[in-house]
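[1] predicted structure and sequence below. I'll ask about it afterward.
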Amino acid sequence: MNKPTCWFPAKRYGWGWGVPTCWQGWAVLAVYFVLLAGVIFTVRPEREPFHFLLAVTGLSAALVAVCWLKGEPPRWRWGEKKR
């Protein structure tokens, strides 16, 4: 009855995750984009390129970590097998 759900299903083709399937996944994506917008508007890449790159890389790494923990196991997928 209490089946664990994955927040991010695997993509059908390629490596990685698709769009979220539950509200928790959408909340994670919303927080990521809000924080990313905050970085874009507060850290100017022309003045502080290292800090900007570090902030964007850190946020993206955090998103990948959540996807890794709460999504289907990542592997290369070639789509469904034809019968």
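    Good, I have the coordinates. Numbers count the residues shown, from 1 in each chain.
[2] the closest residue to Leu63 other than its chain neighbours: neighbour count?
    By the measure of C-beta to C-beta, 6 or more residues apart in numbering, the closest residue to Leu63 outside its immediate chain neighbours is Tyr32, 4.9 Å from it. Yep, even glycine has a C-beta here, placed from its N, CA and C like the rest. The criterion is other C-beta atoms under 10 Å. On that basis, Tyr32 has 15 neighbouring residues.
[3] quick one: mean pLDDT over stretch 12-25.
    Taken as a whole, stretch 12-25 carries a mean pLDDT of 87.
[4] and that stretch, how far out from the chain's middle?
    Relative to its parent chain, stretch 12-25 has a centroid offset of 8 Å by C-alpha atoms, centre = their mean, to the nearest Å.
[5] buried residues in it?
    Of the residues in stretch 12-25, those scored as buried under the neighbour-count criterion (16 or more other C-beta atoms under 10 Å) are Trp17, Pro20, Gly25.
[6] go on, stretch 28-38?
    Result for stretch 28-38 [16+ other C-beta under 10 Å]: buried residues Val28, Leu29, Leu35.
[7] of those, closest to Thr42?
    Leu35 (10.5 Å; C-beta to C-beta).
[8] the closest one belongs to a strand, doesn't it?
    No: judged by DSSP: H, G, I helix; E, B strand; the rest coil, Leu35 forms no part of a strand; its state is helix.
[9] please name the nearest non-neighbouring residue to it.
    Leu59 (5.6 Å).
[10] likewise for Gly71?
    Counting by C-beta to C-beta, 6+ apart, Phe8 is the residue found nearest to Gly71 once chain neighbours are left out, at 3.3 Å.
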